[in-house]
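>>> Quick one: sequence and predicted model below, then my questions.
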Amino acid sequence: MKNNYYISSYCHIKNNSVWLDGNDVYQDSSETFSEFIKNLYRAENTKYAKFFKMDNLSKLAFMAADILLKNENLNTSTDNDIALVFSNKAASLDTDRKHQTSIQDKLDYYPSPAVFVYTLPNICLGEISIKYKLFSENSFFIFDSFNADHLFNYSNSLLDLNKSEAVLSGWVDFDDTNYEAFLYLVSKTGDTIHNKQNIITLYNG
Amino acid sequence: MNKTYVSYNNIISSLGFDSETVVQNIHNEISGLKLIDNKTFLPESFYSALINTEDLENAFQKLKPNQDYTRLEKMMITALQKVITKSGIELNKRVGLIISTTKGNIDALDENNPFSKERAYLDELGKSIKTFFNFENDAIIVSNACVSGVLAVAIAKRFILQDVYDHVFIVSGDVVSEFILSGFNSFQALSNEPCKPYDKNRTGINIGEVAASALVTNNNTNLAEEAVEILGESSCNDANHISGPSRTGEGLYRSIQSAIKQAKIRPSEIDFISAHGTATMFNDEMEAIAINRSNIQSVPLNSLKGYFGHTLGASGLLETIIGMHSLKNNVLYSSKGFETLGVSKPLNIIKQTTKPTKPLQTFLKTASGFGGCNTAIIYKTLT
């Protein structure tokens, strides 16, 4: 590693609650994820019509990224040089199961392009790139659990190679009724040193 | 100066079970695409390049497996086995494993599939491959749509430059499944004839299946004869649309520019382009725009989709391997299915397999996919 990098901001969404940089941002008592994420979208005054077409994984990733990035005061009329390095366990299985249901019964066969397009985990990276004009590196990795070591090394490599000015990295998983998003921004300024231990501490926080 | 190389490689496909046989078939302009009538896959017949199941079983059983493996795992293990053996590398802490796939064992979700639905989790696929060969490190799984196979090479290089690994084995693959075919069919993207990338009569894609494997290493001794150096790589998003390619080819154009810059070469030094060329109207047009914006439209170019169909998570690595053999053999392989230019900007499509006028040294590999992702890598011979 050539330089020191910092975790300048982080966001966590799980169990009907949202934290930004460790502070409570939002929580409610919704019965379902779809109800919770819609309420969060309204509470955040997001105003982005494409949101309603997204699948669950994209909605989760989009809201976590949006809550974190809108605090960065980015200019979205121009490019923003932030790479996206996301990971999870269930890939796009939540939507994969919906597509499988639509083709399982030959007498009730209804595959849909609007569902099928979301059967790739990296689609949520595309959604975030569109909103924030990120013409930058995108990578989606799959692990059996949160892998700080891998994210740390890969974010460093992108910054060391000058592939981007900053990296939005983390874990976004949606599986059946379980969901969790933990995203953090690695940049060249900040107070928290970007190292494996700090990533784990913030993730467990 | 840290250099990284792509070295030993292997291909399991409809055109053969090792890279040399596959390349020989491409040299002879033989396609693996056939008309398939299989109602469990799709109500209507379709063109695809499928791996012969009996041949796969025979090749796989020689490796003496002691448990049940899925079709994709058999393809991947058979592909990777030869690469590990040829390299002679001991699988210790300094050796990584990257798996690139779009859908992995997605067929396990089907009610009629003998494997449990849990098998569809991609980390299960990773464990299965890791355990077969006793890799010390867990598999890193890349699932980034149709750029996965190219991106895997860039990721391998980056981990080597970060001094995490000295060697990385990549294995890439996807199977032809009802899941995938029904989805592309719902997009009306499937062609009912062998695909014709960049041709004015192109009518869409064919889906095929392949497992490809290659070694990425920092060790310049004991390299394969066809080994190449990775000069530059880049990946850029279109930031435009999740399923439609950019009308300006923005992400691909930026990827090519950034790869050229990192490679420290002039665009005129690129000897040929191994492009993506899926044969959909929009993809091929987008590529033509990005290639013209990069001012490399006169460089000889092919798409290999006319031989294998689109092999999804494997396609980028498969086409990289064929490109390496193209340099070694000093032959430009034809872009099968192409007759008359059907994009709005000029491209120098290779119509017939030919010997070039000067020795081939450098090639550009590109790929683009859903989610607006694009990747470009520039490779150079070592001789």
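All right, it came through fine.

>>> wait, doesn't B:Val22 sit right on B:Ser13?
Yes. Assessed by CB atoms under 8 Å, B:Val22 is found in contact with B:Ser13 at 5.7 Å. C-beta coordinates here come from the backbone N, C-alpha and C atoms, glycine included.

>>> what sits against the residue nearest the centre of chain A?
Centroid-nearest residue in chain A: A:Ala61, 3.1 Å away (criterion: CA atoms, centre = their mean). Applying CB atoms under 8 Å, 6 or more residues apart in numbering or on different chains to A:Ala61 gives the contacts A:Phe86, A:Cys124, A:Leu125, A:Glu127, A:Ile128, A:Val172, A:Ala181, A:Leu183.

>>> what do you get if the cut-off is 7 Å, keeping everything else the same?
A:Ala61 is in contact with A:Phe86, A:Cys124, A:Ile128, A:Val172, A:Ala181, counting by CB atoms under 7 Å, 6 or more residues apart in numbering or on different chains.

>>> Report the secondary structure state of it.
Assigned by DSSP: H, G, I helix; E, B strand; the rest coil, the conformation of A:Ala61 is helix.

>>> can you check A:Gly126 too?
helix.

>>> What are the boundaries of the helices in chain A?
In chain A, the helices defined using DSSP state H lie at A:33-43, A:56-69, A:93-104, A:113-116, A:123-132, A:148-160, A:196-204.

>>> For those, could you give me TSV that also reports mean pLDDT?
Output for these, formatted as TSV (pLDDT from 0 to 100):
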stretch	mean pLDDT
helix A:33-43	98
helix A:56-69	98
helix A:93-104	98
helix A:113-116	98
helix A:123-132	97
helix A:148-160	97
helix A:196-204	97
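
>>> Between those, which one is closest to B:Phe363.
Counting by CB to CB, B:Phe363 lies closest to helix A:148-160 out of the helices of chain A; the figure is 24.0 Å.

>>> List the buried residues in the closest one.
Residues of helix A:148-160 classed as buried by neighbour count (16 or more other CB atoms under 10 Å in any protein chain shown): A:Ala148, A:His150, A:Leu151, A:Phe152, A:Asn153, A:Tyr154, A:Ser155, A:Asn156, A:Ser157, A:Leu158, A:Leu159.

>>> for stretch B:8-23, same thing?
Those would be B:8-19, B:22-23, for stretch B:8-23 by 16+ other CB under 10 Å.

>>> and what of stretch A:161-181?
A:161, A:163-164, A:166-175, A:179-181.

>>> restrict the buried residues of helix A:148-160 to contacts with chain B.
Among those, the ones lying near chain B by CB under 7 Å from any CB of the partner chain are A:His150, A:Asn153, A:Tyr154, A:Asn156, A:Ser157.

>>> wait, which of the residues you listed is closest to chain B?
A:Ser157 (3.9 Å; CB to the nearest CB).

>>> Just confirm the closest one contacts B:Lys157, I think it does.
No. Using CB atoms under 7 Å, A:Ser157 is not in contact with B:Lys157; the gap is 8.9 Å.

>>> For A:Ile82, give me its contacts.
Going by CB under 7 Å, 6+ apart, A:Ile82 touches A:Leu134, A:Ser136, A:Ser164, A:Glu165, A:Ala166, A:Val167, A:Leu168.

>>> Give me the pLDDT value at it.
In this model, A:Ile82 is scored at 97, pLDDT.

>>> Repeat that for the one 5 residues further on.
We have a pLDDT of 98 for A:Ser87.

>>> Just to check, B:Leu304 is in contact with B:Thr320?
No. Taking CB under 7 Å as the definition, B:Leu304 is not a contact partner of B:Thr320, at 10.5 Å.

>>> Looks to me like B:Asn10 is in a helix.
No. Judged by three-state DSSP, B:Asn10 forms no part of a helix; its state is strand.

>>> what's the burial count for the residue lying closest to A:Tyr118 once chain neighbours are set aside?
Leaving aside its sequence neighbours, A:Tyr118 sits nearest to A:Asp55 (CB to CB, 6 or more residues apart in numbering or on different chains; 3.9 Å). Counted by other CB atoms under 10 Å in any protein chain shown, the residues lying close to A:Asp55 total 20.

>>> so who does A:Asp55 touch?
So A:Asp55 contacts A:Asp94, A:Thr95, A:Tyr118 (CB under 7 Å, 6+ apart).
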